[in-house]
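Student: this one's structure only:
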């Protein structure tokens, strides 16, 4: 019985230690649509998301958030929500479901990279 409890305890501890996000900077770019390429940058420190930047850029590097107030407000709301809750699943949809879905897809991707400690720049293409 002791052996079984020890093994179970080891497995539970191992699972939670593997699920902890590793400190670092993570970024991902998505597929361009309508002349704009989505991207997200995330910084993890002490196993917490401390910074999230989500935006879209055109071929000249101009950010959509600088030109489109609705996009900027939505992007900031989603980023703030993720930082405060630390959970993609609790982020409420904003008026633009495409924006919300894209944000959640990119955030989940980077969180998975952070859980495995794979820092760097990635593509979803």
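Tutor: Yep, that arrived. None of the values given here were measured: they were computed from a predicted structure.
Student: contacting residues around the nearest residue to residue 30 once chain neighbours are set aside?
Tutor: What sits nearest to residue 30 in space, not counting adjacent residues and going by CB to CB, 6 or more residues apart in numbering, is residue 38, at 4.1 Å. All C-beta spots, glycine's among them, are computed from the backbone N, C-alpha and C. When the contact criterion is CB atoms under 8 Å, 6 or more residues apart in numbering, the partners of residue 38 are 29-31, 54-56, 102, 106.
Student: center of the chain, which residue is that?
Tutor: With distances taken as CA atoms, centre = their mean, the chain has residue 107 as the residue nearest its mean C-alpha position (2.1 Å).
Student: does that residue really touch residue 53, like I thought?
Tutor: No: with contact defined as CB atoms under 8 Å, residue 107 does not reach residue 53; the gap is 11.4 Å.
Student: shared neighbours, those two?
Tutor: Residues touching both residue 107 and residue 53 by CB under 8 Å, 6+ apart: 40, 42.
Student: low-confidence ranges, this protein, go.
Tutor: Low-confidence segments of the chain, defined by pLDDT under 70, are located at 1-19.
Student: nice, that's everything, thank you.
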